[in-house]
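Q: here you go, sequence then predicted model.
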Amino acid sequence: MTTPNSLTIFGAGLAGALLATLLARRGVPVTVYERRPDPRIHGYEGGRSINLALAERGMAALRVAGLARPVLDQAVMMRGRMVHHTDGHAELLRYGRDDSEVIWSVHRGRLNLTLLDAAEAAGAKLHFDQRLVEADFEAGLARLRDETSGREHAIAAPAMIGADGAGSALRQAMARVADLGERFEPLGHSYRELEIPPAADGGFRIEPNALHIWPRGGYMGIALPNAERTFTVTLFLPNEGAPSFATVRTVPEGRALFERDFADLLPLVPEFDEDWARNPVSPLGTLRLDRWRLGGRALLIGDAAHAIVPFHGQGMNCAFEDCVALDALLAEAPDLETAFARFEASRKPNADAIADMAIENYVEMRDLVDDPDFLLKKQIERALAERLPGRFVPRYSLVSFTTTPYAEAKARGARQWAIVEELARGKTRLDQLDLERAAALAAARLG
(Lines give C-alpha, C1' and ligand atoms only; values in the text may rest on other atoms or scores of the structure.)
Protein backbone atom coordinates (compact mmCIF):
# COMPACT_ATOMS: atom_id res chain seq x y z
CA MET A 1 0.00 0.00 0.00
CA THR A 2 1.14 3.54 -0.63
CA THR A 3 2.16 4.85 2.79
CA PRO A 4 -0.50 7.29 4.02
CA ASN A 5 0.54 10.83 4.74
CA SER A 6 -0.24 10.23 8.39
CA LEU A 7 -2.29 8.11 10.78
CA THR A 8 -3.73 9.67 13.92
CA ILE A 9 -4.29 7.37 16.89
CA PHE A 10 -6.45 8.47 19.80
CA GLY A 11 -5.47 6.70 23.00
CA ALA A 12 -1.96 5.92 24.27
CA GLY A 13 -2.93 2.90 26.33
CA LEU A 14 -1.78 -0.62 25.57
CA ALA A 15 -3.35 -0.99 22.11
CA GLY A 16 -2.61 2.56 20.96
CA ALA A 17 1.02 2.37 22.02
CA LEU A 18 1.61 -1.05 20.47
CA LEU A 19 -0.07 -0.10 17.18
CA ALA A 20 1.99 3.11 17.05
CA THR A 21 5.14 1.06 17.56
CA LEU A 22 4.31 -1.39 14.78
CA LEU A 23 3.36 1.32 12.29
CA ALA A 24 6.27 3.62 13.08
CA ARG A 25 8.76 0.76 12.71
CA ARG A 26 7.52 0.38 9.13
CA GLY A 27 8.01 4.08 8.45
CA VAL A 28 4.35 5.12 8.68
CA PRO A 29 4.02 8.65 10.14
CA VAL A 30 2.04 8.21 13.37
CA THR A 31 0.79 10.75 15.87
CA VAL A 32 -0.86 9.67 19.13
CA TYR A 33 -3.11 11.84 21.29
CA GLU A 34 -3.96 10.86 24.88
CA ARG A 35 -6.32 12.70 27.20
CA ARG A 36 -4.44 11.69 30.37
CA PRO A 37 -1.05 13.05 31.53
CA ASP A 38 2.09 11.18 30.52
CA PRO A 39 2.31 8.30 33.05
CA ARG A 40 6.09 8.22 32.63
CA ILE A 41 6.17 11.65 34.27
CA HIS A 42 3.09 11.78 36.49
CA GLY A 43 2.79 8.13 37.47
CA TYR A 44 0.19 5.54 36.60
CA GLU A 45 -3.31 5.72 38.09
CA GLY A 46 -3.72 2.63 40.27
CA GLY A 47 -6.72 1.01 41.89
CA ARG A 48 -8.76 1.13 38.70
CA SER A 49 -7.69 -1.82 36.58
CA ILE A 50 -7.28 -5.53 37.06
CA ASN A 51 -3.89 -7.15 36.60
CA LEU A 52 -3.48 -8.49 33.10
CA ALA A 53 -2.91 -12.06 31.98
CA LEU A 54 -0.51 -12.23 29.06
CA ALA A 55 -1.10 -15.33 26.92
CA GLU A 56 0.28 -16.62 23.62
CA ARG A 57 -1.71 -14.20 21.44
CA GLY A 58 -0.29 -11.22 23.27
CA MET A 59 3.18 -12.75 23.31
CA ALA A 60 3.01 -13.29 19.55
CA ALA A 61 2.20 -9.60 19.04
CA LEU A 62 5.01 -8.51 21.34
CA ARG A 63 7.43 -10.72 19.42
CA VAL A 64 6.46 -8.94 16.21
CA ALA A 65 7.23 -5.63 17.92
CA GLY A 66 10.48 -6.96 19.40
CA LEU A 67 9.20 -6.42 22.95
CA ALA A 68 8.62 -9.94 24.28
CA ARG A 69 11.78 -10.10 26.38
CA PRO A 70 11.48 -6.74 28.21
CA VAL A 71 7.83 -7.49 29.00
CA LEU A 72 8.54 -11.02 30.27
CA ASP A 73 11.29 -9.60 32.48
CA GLN A 74 8.59 -7.78 34.46
CA ALA A 75 6.03 -10.61 34.41
CA VAL A 76 5.31 -13.51 36.79
CA MET A 77 4.49 -16.98 35.48
CA MET A 78 1.14 -18.53 36.46
CA ARG A 79 0.90 -22.31 36.05
CA GLY A 80 -2.78 -22.60 36.85
CA ARG A 81 -5.62 -21.74 39.20
CA MET A 82 -4.93 -22.15 42.91
CA VAL A 83 -8.42 -22.78 44.26
CA HIS A 84 -8.98 -21.78 47.90
CA HIS A 85 -11.90 -23.69 49.39
CA THR A 86 -14.10 -22.54 52.24
CA ASP A 87 -12.52 -25.08 54.62
CA GLY A 88 -9.13 -23.40 54.14
CA HIS A 89 -7.36 -25.96 51.94
CA ALA A 90 -6.09 -25.06 48.46
CA GLU A 91 -5.31 -27.05 45.31
CA LEU A 92 -3.65 -26.16 42.01
CA LEU A 93 -5.56 -26.82 38.79
CA ARG A 94 -3.00 -26.55 35.97
CA TYR A 95 -3.85 -24.59 32.84
CA GLY A 96 -1.89 -26.85 30.52
CA ARG A 97 0.26 -29.95 30.33
CA ASP A 98 3.41 -28.48 31.87
CA ASP A 99 5.37 -25.22 32.15
CA SER A 100 5.34 -24.83 28.39
CA GLU A 101 1.63 -23.93 28.73
CA VAL A 102 1.35 -21.08 31.20
CA ILE A 103 0.13 -17.50 31.28
CA TRP A 104 1.91 -14.46 32.70
CA SER A 105 0.74 -11.86 35.17
CA VAL A 106 1.73 -8.35 34.09
CA HIS A 107 1.05 -4.98 35.67
CA ARG A 108 -0.94 -2.75 33.34
CA GLY A 109 0.88 0.41 34.34
CA ARG A 110 4.42 -0.88 33.88
CA LEU A 111 3.49 -2.53 30.59
CA ASN A 112 2.04 0.74 29.35
CA LEU A 113 5.27 2.56 30.19
CA THR A 114 7.30 -0.03 28.25
CA LEU A 115 5.05 0.31 25.21
CA LEU A 116 5.12 4.12 25.30
CA ASP A 117 8.90 4.14 25.35
CA ALA A 118 8.94 1.68 22.43
CA ALA A 119 6.50 3.78 20.39
CA GLU A 120 8.54 6.94 20.92
CA ALA A 121 11.78 5.12 20.11
CA ALA A 122 10.24 3.85 16.87
CA GLY A 123 9.42 7.40 15.78
CA ALA A 124 5.79 7.88 16.81
CA LYS A 125 4.88 11.35 18.09
CA LEU A 126 3.08 11.27 21.45
CA HIS A 127 0.95 14.10 22.85
CA PHE A 128 -0.62 13.92 26.31
CA ASP A 129 -3.34 15.94 28.08
CA GLN A 130 -5.16 16.18 24.73
CA ARG A 131 -8.87 15.34 24.82
CA LEU A 132 -10.76 14.71 21.58
CA VAL A 133 -13.79 17.01 21.53
CA GLU A 134 -15.20 16.39 18.08
CA ALA A 135 -14.22 15.17 14.63
CA ASP A 136 -15.11 16.26 11.10
CA PHE A 137 -14.54 13.07 9.14
CA GLU A 138 -15.35 14.56 5.74
CA ALA A 139 -12.82 17.35 6.20
CA GLY A 140 -10.29 15.14 7.99
CA LEU A 141 -10.11 17.41 11.02
CA ALA A 142 -10.27 16.81 14.77
CA ARG A 143 -10.76 19.34 17.55
CA LEU A 144 -8.80 18.77 20.75
CA ARG A 145 -8.82 20.41 24.16
CA ASP A 146 -5.59 20.80 26.11
CA GLU A 147 -6.43 19.50 29.57
CA THR A 148 -3.83 21.69 31.27
CA SER A 149 -4.71 25.06 29.67
CA GLY A 150 -8.31 24.42 28.63
CA ARG A 151 -7.62 25.78 25.15
CA GLU A 152 -9.03 24.04 22.08
CA HIS A 153 -7.31 23.63 18.73
CA ALA A 154 -7.84 21.77 15.47
CA ILE A 155 -5.53 19.22 13.88
CA ALA A 156 -5.45 17.57 10.47
CA ALA A 157 -6.43 13.93 10.86
CA PRO A 158 -7.45 12.39 7.53
CA ALA A 159 -7.23 8.85 8.93
CA MET A 160 -8.23 8.35 12.57
CA ILE A 161 -7.88 5.22 14.68
CA GLY A 162 -9.66 4.95 18.01
CA ALA A 163 -7.68 2.99 20.58
CA ASP A 164 -9.12 5.05 23.42
CA GLY A 165 -10.86 2.35 25.42
CA ALA A 166 -14.40 1.40 26.30
CA GLY A 167 -15.40 5.05 26.77
CA SER A 168 -13.92 5.97 23.38
CA ALA A 169 -14.32 9.64 22.40
CA LEU A 170 -13.71 8.73 18.76
CA ARG A 171 -16.52 6.17 18.88
CA GLN A 172 -18.84 8.84 20.25
CA ALA A 173 -17.84 11.17 17.44
CA MET A 174 -18.43 8.44 14.86
CA ALA A 175 -21.83 7.63 16.38
CA ARG A 176 -22.93 11.23 15.81
CA VAL A 177 -22.68 10.74 12.03
CA ALA A 178 -23.43 7.01 11.61
CA ASP A 179 -25.32 4.23 13.37
CA LEU A 180 -22.66 1.89 14.77
CA GLY A 181 -25.20 -0.51 16.25
CA GLU A 182 -23.70 0.05 19.69
CA ARG A 183 -24.91 -2.15 22.57
CA PHE A 184 -23.58 -2.29 26.11
CA GLU A 185 -24.49 -5.43 28.03
CA PRO A 186 -23.90 -4.90 31.76
CA LEU A 187 -22.75 -8.00 33.61
CA GLY A 188 -24.60 -7.04 36.78
CA HIS A 189 -21.33 -7.46 38.71
CA SER A 190 -18.55 -5.02 39.61
CA TYR A 191 -15.10 -5.21 41.19
CA ARG A 192 -12.89 -3.58 43.80
CA GLU A 193 -9.12 -3.97 44.19
CA LEU A 194 -7.02 -4.66 47.28
CA GLU A 195 -3.35 -5.61 47.71
CA ILE A 196 -1.29 -8.31 49.40
CA PRO A 197 2.12 -6.76 50.25
CA PRO A 198 5.42 -8.67 50.35
CA ALA A 199 6.21 -10.85 53.35
CA ALA A 200 8.51 -9.58 56.09
CA ASP A 201 11.50 -11.21 54.37
CA GLY A 202 10.62 -9.53 51.06
CA GLY A 203 9.21 -12.65 49.41
CA PHE A 204 5.72 -13.62 48.31
CA ARG A 205 3.19 -14.33 51.06
CA ILE A 206 1.50 -17.11 49.06
CA GLU A 207 2.40 -19.31 46.06
CA PRO A 208 3.63 -16.85 43.39
CA ASN A 209 3.22 -18.96 40.25
CA ALA A 210 -0.55 -19.23 40.25
CA LEU A 211 -3.73 -17.25 39.77
CA HIS A 212 -5.43 -17.59 43.15
CA ILE A 213 -9.22 -17.96 43.24
CA TRP A 214 -11.61 -17.95 46.17
CA PRO A 215 -14.83 -19.19 44.47
CA ARG A 216 -17.92 -18.61 46.56
CA GLY A 217 -20.82 -19.35 44.20
CA GLY A 218 -22.14 -16.20 42.52
CA TYR A 219 -19.11 -14.14 43.56
CA MET A 220 -15.39 -14.59 44.11
CA GLY A 221 -12.02 -13.11 44.95
CA ILE A 222 -8.85 -13.53 42.91
CA ALA A 223 -5.19 -12.60 43.41
CA LEU A 224 -2.54 -12.17 40.71
CA PRO A 225 1.19 -11.93 41.48
CA ASN A 226 3.38 -8.93 40.69
CA ALA A 227 7.12 -8.72 40.15
CA GLU A 228 7.47 -6.65 43.38
CA ARG A 229 6.36 -9.73 45.37
CA THR A 230 2.89 -8.24 45.86
CA PHE A 231 -0.49 -9.58 44.73
CA THR A 232 -3.30 -7.57 43.23
CA VAL A 233 -6.50 -8.84 44.86
CA THR A 234 -9.81 -8.28 43.10
CA LEU A 235 -13.20 -8.84 44.70
CA PHE A 236 -16.06 -9.51 42.27
CA LEU A 237 -19.58 -9.07 43.64
CA PRO A 238 -23.07 -8.66 42.16
CA ASN A 239 -24.38 -5.12 42.07
CA GLU A 240 -27.58 -6.10 43.91
CA GLY A 241 -28.62 -8.77 46.38
CA ALA A 242 -26.80 -10.22 49.36
CA PRO A 243 -23.89 -10.06 49.35
CA SER A 244 -23.40 -7.32 46.77
CA PHE A 245 -21.82 -3.92 46.42
CA ALA A 246 -25.25 -2.51 47.32
CA THR A 247 -25.12 -4.20 50.73
CA VAL A 248 -21.33 -4.29 51.27
CA ARG A 249 -20.31 -0.65 50.99
CA THR A 250 -18.51 0.55 54.09
CA VAL A 251 -15.15 -0.62 55.43
CA PRO A 252 -16.77 -2.51 58.35
CA GLU A 253 -19.19 -4.23 55.96
CA GLY A 254 -16.32 -5.21 53.68
CA ARG A 255 -14.27 -6.54 56.57
CA ALA A 256 -17.25 -8.55 57.86
CA LEU A 257 -17.68 -10.16 54.41
CA PHE A 258 -14.02 -11.16 54.32
CA GLU A 259 -14.10 -12.50 57.89
CA ARG A 260 -17.01 -14.72 56.90
CA ASP A 261 -16.20 -15.82 53.32
CA PHE A 262 -12.47 -15.10 52.81
CA ALA A 263 -11.07 -15.82 56.25
CA ASP A 264 -7.71 -17.06 54.94
CA LEU A 265 -7.34 -14.07 52.59
CA LEU A 266 -8.09 -11.26 55.03
CA PRO A 267 -4.88 -11.63 57.12
CA LEU A 268 -2.86 -11.32 53.91
CA VAL A 269 -4.22 -7.79 53.33
CA PRO A 270 -2.91 -5.76 56.30
CA GLU A 271 -4.07 -2.45 54.80
CA PHE A 272 -7.55 -3.78 54.06
CA ASP A 273 -9.33 -0.75 55.52
CA GLU A 274 -7.22 1.74 53.58
CA ASP A 275 -7.52 -0.22 50.30
CA TRP A 276 -11.28 -0.58 50.65
CA ALA A 277 -11.75 3.12 51.34
CA ARG A 278 -9.35 4.29 48.62
CA ASN A 279 -10.11 2.04 45.64
CA PRO A 280 -13.38 2.52 43.77
CA VAL A 281 -16.00 0.01 42.73
CA SER A 282 -15.79 -0.37 38.93
CA PRO A 283 -18.56 -1.84 36.74
CA LEU A 284 -18.21 -4.70 34.28
CA GLY A 285 -19.92 -5.32 30.97
CA THR A 286 -19.57 -6.18 27.30
CA LEU A 287 -19.50 -3.62 24.49
CA ARG A 288 -20.64 -4.81 21.06
CA LEU A 289 -20.82 -2.85 17.82
CA ASP A 290 -22.22 -3.79 14.44
CA ARG A 291 -19.82 -1.39 12.73
CA TRP A 292 -16.25 -0.43 13.61
CA ARG A 293 -15.40 1.97 10.78
CA LEU A 294 -16.33 4.96 8.65
CA GLY A 295 -14.99 4.17 5.18
CA GLY A 296 -11.25 4.81 5.19
CA ARG A 297 -11.53 7.80 7.51
CA ALA A 298 -11.97 6.24 10.95
CA LEU A 299 -11.58 2.84 12.61
CA LEU A 300 -12.00 1.49 16.14
CA ILE A 301 -9.76 -1.19 17.67
CA GLY A 302 -9.38 -2.90 21.05
CA ASP A 303 -11.78 -1.96 23.83
CA ALA A 304 -13.08 0.97 21.79
CA ALA A 305 -14.65 -1.59 19.43
CA HIS A 306 -15.20 -4.65 21.62
CA ALA A 307 -14.69 -4.25 25.38
CA ILE A 308 -15.17 -7.56 27.22
CA VAL A 309 -15.27 -8.76 30.81
CA PRO A 310 -11.87 -9.85 32.17
CA PHE A 311 -12.57 -13.46 33.12
CA HIS A 312 -10.71 -15.18 30.31
CA GLY A 313 -7.74 -12.84 30.61
CA GLN A 314 -8.04 -12.03 26.90
CA GLY A 315 -8.95 -8.35 26.63
CA MET A 316 -5.36 -7.19 26.15
CA ASN A 317 -4.43 -10.26 24.12
CA CYS A 318 -7.34 -9.66 21.74
CA ALA A 319 -6.44 -5.97 21.41
CA PHE A 320 -2.81 -6.87 20.65
CA GLU A 321 -4.03 -9.27 17.94
CA ASP A 322 -6.02 -6.34 16.53
CA CYS A 323 -2.82 -4.30 16.29
CA VAL A 324 -0.86 -6.97 14.43
CA ALA A 325 -3.76 -7.73 12.08
CA LEU A 326 -4.31 -4.06 11.24
CA ASP A 327 -0.61 -3.41 10.70
CA ALA A 328 -0.43 -6.33 8.27
CA LEU A 329 -3.54 -5.22 6.39
CA LEU A 330 -2.28 -1.65 6.10
CA ALA A 331 0.90 -3.03 4.54
CA GLU A 332 -0.99 -5.18 2.00
CA ALA A 333 -4.27 -3.46 1.09
CA PRO A 334 -4.46 -1.02 -1.84
CA ASP A 335 -6.06 1.74 0.25
CA LEU A 336 -7.24 2.59 3.75
CA GLU A 337 -10.90 1.85 3.10
CA THR A 338 -10.08 -1.67 1.92
CA ALA A 339 -7.73 -2.24 4.87
CA PHE A 340 -10.32 -1.05 7.39
CA ALA A 341 -13.07 -3.15 5.78
CA ARG A 342 -10.93 -6.30 5.79
CA PHE A 343 -9.95 -5.67 9.38
CA GLU A 344 -13.56 -5.40 10.53
CA ALA A 345 -14.62 -8.47 8.55
CA SER A 346 -11.82 -10.64 9.92
CA ARG A 347 -11.73 -9.47 13.52
CA LYS A 348 -15.36 -8.89 14.45
CA PRO A 349 -16.46 -12.59 14.54
CA ASN A 350 -13.48 -13.35 16.75
CA ALA A 351 -14.17 -10.42 19.08
CA ASP A 352 -17.77 -11.58 19.47
CA ALA A 353 -16.59 -15.12 20.22
CA ILE A 354 -14.15 -14.15 22.98
CA ALA A 355 -16.76 -11.84 24.50
CA ASP A 356 -19.08 -14.83 24.88
CA MET A 357 -16.34 -17.10 26.22
CA ALA A 358 -15.23 -14.51 28.78
CA ILE A 359 -18.71 -14.43 30.32
CA GLU A 360 -18.84 -18.24 30.37
CA ASN A 361 -15.45 -18.34 32.10
CA TYR A 362 -16.75 -16.12 34.92
CA VAL A 363 -19.42 -18.69 35.73
CA GLU A 364 -16.76 -21.41 35.63
CA MET A 365 -14.38 -19.54 37.93
CA ARG A 366 -16.87 -18.47 40.59
CA ASP A 367 -19.25 -21.48 40.57
CA LEU A 368 -17.60 -24.58 39.10
CA VAL A 369 -13.90 -24.86 39.96
CA ASP A 370 -14.79 -26.55 43.27
CA ASP A 371 -17.66 -28.66 41.86
CA PRO A 372 -16.84 -32.42 41.77
CA ASP A 373 -18.82 -33.08 38.57
CA PHE A 374 -17.06 -30.24 36.76
CA LEU A 375 -13.65 -31.34 38.00
CA LEU A 376 -14.31 -34.88 36.71
CA LYS A 377 -15.13 -33.45 33.29
CA LYS A 378 -11.88 -31.48 33.33
CA GLN A 379 -10.01 -34.71 34.15
CA ILE A 380 -11.67 -36.43 31.19
CA GLU A 381 -10.85 -33.47 28.96
CA ARG A 382 -7.19 -33.61 29.99
CA ALA A 383 -7.04 -37.39 29.47
CA LEU A 384 -8.46 -37.07 25.96
CA ALA A 385 -6.01 -34.30 25.16
CA GLU A 386 -3.12 -36.55 26.20
CA ARG A 387 -4.38 -39.43 24.03
CA LEU A 388 -5.30 -37.30 21.01
CA PRO A 389 -2.59 -34.60 20.84
CA GLY A 390 -3.37 -31.94 18.28
CA ARG A 391 -6.85 -33.32 17.61
CA PHE A 392 -8.53 -32.90 20.99
CA VAL A 393 -7.29 -29.60 22.42
CA PRO A 394 -9.19 -28.10 25.38
CA ARG A 395 -10.87 -24.81 24.61
CA TYR A 396 -8.88 -23.00 27.28
CA SER A 397 -5.67 -24.20 25.62
CA LEU A 398 -6.88 -23.11 22.18
CA VAL A 399 -7.62 -19.65 23.54
CA SER A 400 -4.58 -19.18 25.78
CA PHE A 401 -1.74 -21.21 24.26
CA THR A 402 -2.40 -20.91 20.52
CA THR A 403 -3.38 -18.24 18.01
CA THR A 404 -6.32 -20.27 16.72
CA PRO A 405 -9.02 -17.72 15.80
CA TYR A 406 -11.37 -17.20 18.73
CA ALA A 407 -14.46 -18.12 16.69
CA GLU A 408 -12.87 -21.41 15.69
CA ALA A 409 -11.79 -22.10 19.28
CA LYS A 410 -15.34 -21.49 20.50
CA ALA A 411 -16.92 -23.81 17.92
CA ARG A 412 -14.31 -26.53 18.35
CA GLY A 413 -14.51 -26.28 22.13
CA ALA A 414 -18.28 -26.73 22.06
CA ARG A 415 -17.98 -29.94 20.01
CA GLN A 416 -15.34 -31.33 22.34
CA TRP A 417 -17.20 -30.42 25.55
CA ALA A 418 -20.33 -32.18 24.29
CA ILE A 419 -18.23 -35.34 24.00
CA VAL A 420 -16.84 -34.86 27.51
CA GLU A 421 -20.32 -34.39 28.96
CA GLU A 422 -21.52 -37.57 27.28
CA LEU A 423 -18.56 -39.55 28.62
CA ALA A 424 -19.00 -38.16 32.16
CA ARG A 425 -22.68 -39.04 32.39
CA GLY A 426 -23.29 -41.39 35.31
CA LYS A 427 -19.63 -41.28 36.41
CA THR A 428 -18.15 -39.96 39.64
CA ARG A 429 -14.49 -40.99 39.14
CA LEU A 430 -12.10 -41.07 36.21
CA ASP A 431 -11.27 -44.75 36.75
CA GLN A 432 -14.88 -45.63 35.91
CA LEU A 433 -14.20 -44.67 32.29
CA ASP A 434 -12.43 -46.81 29.68
CA LEU A 435 -10.12 -44.08 28.42
CA GLU A 436 -8.99 -45.94 25.31
CA ARG A 437 -12.57 -46.45 24.16
CA ALA A 438 -13.35 -42.86 25.12
CA ALA A 439 -10.47 -41.59 22.98
CA ALA A 440 -11.62 -43.71 20.04
CA LEU A 441 -15.14 -42.29 20.40
CA ALA A 442 -13.81 -38.73 20.56
CA ALA A 443 -11.61 -39.27 17.51
CA ALA A 444 -14.56 -40.60 15.53
CA ARG A 445 -16.85 -37.74 16.59
CA LEU A 446 -14.28 -35.07 15.78
CA GLY A 447 -13.48 -36.51 12.36
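A: Thanks, I have it. The model shown is predicted, which means the values in this text are computed figures rather than measured ones.

Q: what packs against the helix or strand of the chain with the lowest mean pLDDT?
A: Within the chain, no helix or strand scores below helix 39-42, which has a mean of 90 by mean pLDDT, DSSP states H and E. Helices and strands touching helix 39-42, by 3 or more C-beta pairs under 8 Å, 6 or more residues apart in numbering; DSSP states H and E, are helix 108-122. Just so you know, the C-beta spots here come from the backbone N, C-alpha and C atoms, and that holds for glycine as well.

Q: which other helices and strands does the helix it packs on contact?
A: Using 3+ C-beta pairs under 8 Å, 6+ apart, helix 108-122 sits against helix 14-25, helix 39-42, helix 68-72, strand 125-127.

Q: figure out which of the ones you listed is closest to A277.
A: Nearest of the helices and strands packed on helix 108-122 to A277, taken as C-beta to C-beta: helix 39-42 at 22.9 Å.

Q: circling back to that earlier point, among the helices and strands packed on helix 108-122, which is the most enclosed?
A: With neighbours defined as mean count of other C-beta atoms under 10 Å, the helices and strands packed on helix 108-122 peak in mean count at helix 14-25, which reaches a mean of 28.

Q: which other residues reach that one?
A: 7, 9-10, 12, 30, 32, 34, 61-62, 64-65, 67, 108, 111-112, 115-116, 118-119, 122-124, 126, 161, 163-164, 301-303, 316, 319-320, 322-324, 326-327, 330 (C-beta atoms under 8 Å, 6 or more residues apart in numbering).

Q: buried among the residues you listed? Need that as a selection in ChimeraX.
A: This is how ChimeraX selects the buried members of those, with burial counted by 16 or more other C-beta atoms under 10 Å:
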select :7,9,10,12,30,32,34,61,62,64,65,67,108,111,112,115,116,118,119,122,123,124,126,161,163,164,301,302,303,316,319,320,322,323,324,326,327,330
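
Q: so I419 sits right up against R445, yeah?
A: Yes. I419 lies in contact with R445 (C-beta atoms under 8 Å); the separation is 5.4 Å.

Q: please say which of these two ends up with more neighbours.
A: Taking other C-beta atoms under 10 Å, I419 and R445 do not tie; I419 has more neighbours (20 against 13).

Q: find the helix or strand that the more buried one is a member of.
A: Following DSSP states H and E, one finds I419 within helix 406-424.

Q: name the single longest strand found in this structure.
A: Secondary structure of the chain per DSSP state E: the longest strand is strand 183-196.

Q: now the very next helix or strand once past it: average pLDDT?
A: Sequence-wise, the next helix or strand downstream of strand 183-196 (DSSP H and E) is strand 211-215. Throughout strand 211-215, pLDDT has a mean value of 96.

Q: what does stretch 315-332 give?
A: 97.

Q: show me how far whichever strand or helix holds F343 is from its chain's centre.
A: For F343, the element it lies in under DSSP H and E is helix 336-363. Put simply, helix 336-363 sits 13 Å off its chain's centre (C-alpha atoms, centre = their mean, to the nearest Å).

Q: buried sites along that helix?
A: For helix 336-363, by 16+ other C-beta under 10 Å, it's 336-337, 339-344, 347-348, 350-355, 357-359, 361-362.

Q: hmm, who's touching the helix or strand following it?
A: Using DSSP H and E, the helix or strand that follows helix 336-363 towards the C-terminus is helix 372-387. The contact list for helix 372-387 (C-beta under 8 Å, 6+ apart) reads 93, 97, 364, 368-369, 392-394, 397, 416-417, 419-421, 423-424, 427-430, 433, 435-436, 438-439, 442.

Q: in ChimeraX, select just the buried ones from these.
A: The ChimeraX command for the buried members of the contacts of helix 372-387 (criterion: 16+ other C-beta under 10 Å) is given here:
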select :93,364,368,369,392,393,394,397,416,419,420,423,424,433,438,439,442
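
Q: R192 is in contact with V233, correct?
A: No. Using C-beta under 8 Å, V233 is not in contact with R192, being 9.1 Å away.

Q: more neighbours: which of the two?
A: Neighbour count, other C-beta under 10 Å: between V233 and R192, V233 has more, with 23 against 20.

Q: related to what we said a few turns ago, and the helix holding F343, what does it pack onto?
A: strand 183-196, strand 282-288, strand 293-294, strand 298-300, helix 303-306, helix 315-332, helix 395-401, helix 406-424.

Q: could you dump the ones you listed into a markdown table and include distance to G254?
A: What follows is those, written out as a markdown table (distance: least, C-beta to C-beta, whole Å):
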| stretch | distance to G254 |
| --- | --- |
| strand 183-196 | 8 |
| strand 282-288 | 15 |
| strand 293-294 | 44 |
| strand 298-300 | 37 |
| helix 303-306 | 28 |
| helix 315-332 | 26 |
| helix 395-401 | 31 |
| helix 406-424 | 36 |
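
Q: contact partners for D261?
A: Residues near D261 by C-beta under 8 Å, 6+ apart: 86, 214, 216, 243.
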